[in-house]
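S.K.: here is a sequence with its predicted model. Questions after.
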Amino acid sequence: MPEAGNFAKTLTELGISKDSHVIIYDDKNGSNAAARFWWMLKAVGHEKVQVLNGGLHEVRKQGFPLSSGAESVRKAAEPYRADKWGWPIATMDEVEKAAQDNDYMVVDVRDKDRYDGVTEPIDLIAGHIPGAINIPFTENLDERGLFLSPGQLKDKYQIKFDDRKPENLIIHCGSGVTACHTILALAHAGMELPKLYVGSWSEWSRNNKKIAKTNR
């Protein structure tokens, strides 16, 4: 993840100011780049930002026009100011300690085969952080690719988290991107937000840390 100041420069180049209402989508039901961009904007204090439920697939399904003709980007008149990430982030050392402490919970949101160590399409080593549990981010969505209702999400995660404090929860994925989808789901449910382990499995698996696999 870039420094917050560099991200702010990108926002300026994109024409985004503090007052901009930003609506984000991707072609993965909002579960990939859109959720990460949402997290980054909220983490620098941007207020008016939303992710389009269902992403590009839902737009096409609803018959919305996909082009207005000639789009252009105009740099913002004033520089966007941000010097730090304001939302909670966990370090690798913190994750290592938390995963072995029952008062904490480390949540791996990758699909089950990657968590179990059956396959790894991106990183060098398959498996998961010892002590982490698996709640795939895809379970935040229904069969149409839309978010479950806030009530459904809240009921689900309250049971999974088992009364642990939000500051004792750490969410990760492969590279810190789809983990943001689960954090977005928690925000959608009106819950307090956990920490994001930005480095995620990509960092963990490249630093000679212990690796677990699930016996099937």
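M.R.: All right, it came through fine.
S.K.: which stretches of this structure form helices?
M.R.: Using DSSP state H, the helices found in the chain span residues 4-13, 33-43, 55-62, 92-98, 112-116, 150-161, 179-188, 200-204.
S.K.: so which residue is dead centre in the protein?
M.R.: Nearest residue to the geometric centre of the chain (CA atoms, centre = their mean): Cys180, 0.8 Å.
S.K.: that residue against Trp39, yeah?
M.R.: Yes - judged on CB atoms under 8 Å, Cys180 makes contact with Trp39 at a distance of 4.1 Å. Yep, even glycine has a C-beta here, placed from its N, CA and C like the rest.
S.K.: contact partners for the residue nearest to the centre of the chain?
M.R.: 35-36, 38-39, 196 (CB atoms under 8 Å, 6 or more residues apart in numbering).
S.K.: closest one to Asp162 out of those residues, please.
M.R.: The closest of the contacts of Cys180 to Asp162 turns out to be Leu196 (CB to CB; 20.2 Å).
S.K.: burial measure for the closest one, as a count.
M.R.: 25 (other CB atoms under 10 Å).
S.K.: ok, now how distant is the residue nearest to the centre of the chain from Trp87?
M.R.: Distance, Cys180 to Trp87, by CB to CB, to the nearest Å: 10 Å.
S.K.: separation between Pro136 and Asp116?
M.R.: 11 Å.
S.K.: what degree of burial does Asp83 show, as a neighbour count?
M.R.: Neighbour tally, Asp83, other CB under 10 Å: 10.
S.K.: isn't it up against Gly5?
M.R.: Yes - with contact defined as CB under 8 Å, Asp83 counts as touching Gly5 (5.7 Å).
S.K.: and for these two, which residues touch both?
M.R.: Counting by CB under 8 Å, 6+ apart, nothing touches both Asp83 and Gly5.
S.K.: and Gln158, how many neighbours does it have?
M.R.: 12.
S.K.: now swap in Phe147 and tell me
M.R.: Phe147 has 21 neighbouring residues, counting by other CB under 10 Å.
S.K.: need the contact list for it.
M.R.: So Phe147 contacts 30, 53, 140-141, 153, 185, 188 (CB under 8 Å, 6+ apart).
S.K.: got it, and Met105?
M.R.: 98, 133, 161-162, 164, 168-170.
S.K.: over to Asn215?
M.R.: Asn215 touches nothing, counting by CB under 8 Å, 6+ apart.
S.K.: next one, pLDDT for Asn29 please.
M.R.: On pLDDT, Asn29 comes in at 83.
S.K.: which residues touch it?
M.R.: Contacts of Asn29 (CB under 8 Å, 6+ apart): 54-55, 57-58, 141, 145-146.
S.K.: repeat that for 10 Å
M.R.: Contact analysis of Asn29 by CB atoms under 10 Å, 6 or more residues apart in numbering lists 35, 51-58, 138, 140-141, 144-147, 181.
S.K.: please name the nearest non-neighbouring residue to it.
M.R.: Ranked by CB to CB, 6 or more residues apart in numbering and with sequence neighbours excluded, the top spatial neighbour of Asn29 is Gly145, at 4.0 Å.
S.K.: can I assume that neighbour is in contact with Leu52?
M.R.: No - judged on CB atoms under 10 Å, Gly145 makes no contact with Leu52 at a distance of 11.5 Å.
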